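Participant: Could you look at this predicted model? Sequence included:
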Amino acid sequence: MTVAILMPAYDEAHRLERTLAQIRDAAPQMGGVTVFVVDDGSVPAVEAARLPHETSSFRVVLARHPVNLGQGAALETARRLALRTDEHDAFVTMDADGQHAAEDALSLVRAVRAGADVALGDRFLGHSSVPPLRRLLLRAARLFEHALTGLRLADAHNGLRAFSRDAIARIPIRQNRMAHATEIKQRLASARGLSFVEVPVTLRYSAETTAKGQRSTGAVVILRDLLGRYLFGETE
Amino acid sequence: MTFASFLLLGLVAGLVLYDWLALRGKNRRALIFEVAVFVVGAFFIAFPARATALAHLVGIGRGVDFLLYPIVIWLVRESLLTRRRRLSDEERLTELARVVAILEARAVPAPTEPPALEATGTPRVAPLPGARSDAAGGRGPSTGD
């Protein structure tokens, strides 16, 4: 069984190629990897020819949203793609910008293969140098999510996570934008019998990832999206 | 008639004139509806005492409040409905875009692969290895949705 990596990409340019190359190098240790890259309407579009090629243990599947929908939507598309085959036993969500390290993904996969349903990255246990404002905001988010879901998690909005097949099949993502991180926790809290662990990871905050990454005002949008979903619910 | 009521009447007249020129021949019924509403509004602007008399009739102090209360109620409801509609529109757009994305998803080819697949009639989009035939459904029991 191999690992599926779900990777939304929006205007990442060379960062995506670099991140994929790192995963390719770590792929043999994971027992083989398929990365499901969902280009979320980038301009210019991600070119398949520029991505690392298939090796015996590494493969990229590229899909593209015709319009920009948001990271949550791209993750859901990747999730559906990955669930169409039976070849994966671990599913990792990972950012394309190089903020997450392939070796950390490996330790999350190991936690899942050791029996956890969900393994969540915790940047505060690792060696990340979290900017002070971000640290404060994440603390507030953690309190908020604890009130919302009852889960006590150290790191509220870490995009590096790993799921067992059973877990990822039970966690569909309906939030198109950044509120999906909270949504995943809500589903985790309400899905019975899913065990989770937190694993130390190191987030690399570089000038370019901070410049492109989430703005702190994004919190307002997250609250708005959560409220919308709360009020109007599952409209399936 | 106060200075303010002249200003408001001018605004109403200006809007009607502009919309008349812009919408004439396109949305005639909407235009007639707008003019009807604005004529009633203009009447209450010109004769606020009439509005107040109407308000007193139903136990509201001022003519302005008589108009304001229903408008606020209507706006709150309208904004909720709009929000809900936006969410469901967004969901439909998302599903549509997702189906397109999944149908066109393909494995990144190895560099040695001959580029002339299209010329030989092979579909440009190679099916994913191991993919089942329920293409972009994503709703089957296997996805757990």
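Facilitator: Nice, thanks for sending it over. Residues are numbered from 1 along each chain as shown, chains lettered A, B, ... in the order given.
Participant: so residue 89 is in which element?
Facilitator: No chain was given, so I picked chain A. strand A:88-93 (DSSP states H and E).
Participant: The intended chain is chain B.
Facilitator: Here B:Asp89 is covered by helix B:63-104, with elements defined by DSSP H and E.
Participant: cool, A:Leu136 as well?
Facilitator: Per DSSP H and E: helix A:132-149 holds A:Leu136.
Participant: Spell out the secondary structure type for A:Val61.
Facilitator: strand (DSSP: H, G, I helix; E, B strand; the rest coil).
Participant: Revised request: answer the last question for A:Gly193.
Facilitator: coil.
Participant: In stretch A:75-87, which residues are buried?
Facilitator: Neighbour counts over stretch A:75-87 (16 or more other Cβ atoms under 10 Å in any protein chain shown) mark A:75-85 as buried. Any C-beta I mention is one placed from the backbone N, CA and C, and that applies to glycine too.
Participant: whoops, stretch B:56-74 was the one
Facilitator: For stretch B:56-74, by 16+ other Cβ under 10 Å, it's B:60, B:63, B:66-67.
Participant: TSV for those residues, including distance to chain A?
Facilitator: Listed next are the buried residues of stretch B:56-74 as TSV, based on distance: Cβ to the nearest Cβ, whole Å:
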residue	distance to chain A
B:Ile60	31
B:Gly63	35
B:Phe66	31
B:Leu67	28
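Participant: Which of those sits closest to A:Leu108?
Facilitator: Checking the buried residues of stretch B:56-74 against A:Leu108 with Cβ to Cβ, the nearest one is B:Leu67 at 60.4 Å.
Participant: from memory the closest one sits against B:Thr52, does it?
Facilitator: No - the criterion here is Cβ atoms under 8 Å, and B:Leu67 misses it with B:Thr52 at 10.8 Å.
Participant: Quick one: mean pLDDT over the helix holding B:Asp89.
Facilitator: Taken as a whole, helix B:63-104 has an average pLDDT of 95.
Participant: For that helix, name the packing helices and strands.
Facilitator: Here helix B:63-104 touches strand A:58-64, helix A:71-82, helix A:218-232, helix B:48-57, going by 3 or more Cβ pairs under 8 Å, 6 or more residues apart in numbering or on different chains; DSSP states H and E.
Participant: helix, strand or coil for the residue nearest to A:Phe124 when sequence neighbours are not counted?
Facilitator: Once flanking residues are discounted, A:Phe124 sits nearest to A:Ala154: 5.4 Å by Cβ to Cβ, 6 or more residues apart in numbering or on different chains. Using three-state DSSP, the three-state assignment for A:Ala154 comes out as coil.
Participant: Report the distance from stretch B:76-88 to the chain centre.
Facilitator: Here the centre of stretch B:76-88 is set off from its chain's centre by 9 Å, with Cα atoms, centre = their mean, to the nearest Å.
Participant: Can you point out the buried residues in that stretch?
Facilitator: For stretch B:76-88, by 16+ other Cβ under 10 Å, it's B:Leu87.
Participant: residues in contact with B:Phe66?
Facilitator: B:Phe66 makes contact with B:51-52, B:54-55, B:58, B:60, according to Cβ atoms under 8 Å, 6 or more residues apart in numbering or on different chains.
Participant: would TSV of those with distance to A:Tyr10 be doable?
Facilitator: Output for the contacts of B:Phe66, formatted as TSV (distance: Cβ to Cβ, whole Å):
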residue	distance to A:Tyr10
B:Ala51	54
B:Thr52	57
B:Leu54	56
B:Ala55	54
B:Val58	55
B:Ile60	53
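Participant: and the residues you listed as a markdown table, adding distance to B:Pro109 and pLDDT?
Facilitator: Shown next, in a markdown table, are the contacts of B:Phe66 (distance: Cβ to Cβ, whole Å; pLDDT from 0 to 100):
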| residue | distance to B:Pro109 | pLDDT |
| --- | --- | --- |
| B:Ala51 | 73 | 92 |
| B:Thr52 | 77 | 93 |
| B:Leu54 | 75 | 92 |
| B:Ala55 | 75 | 93 |
| B:Val58 | 75 | 94 |
| B:Ile60 | 73 | 93 |
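Participant: Of those residues, which is the nearest to chain A?
Facilitator: Using Cβ to the nearest Cβ, the shortest approach to chain A within those belongs to B:Ile60, at 30.7 Å.
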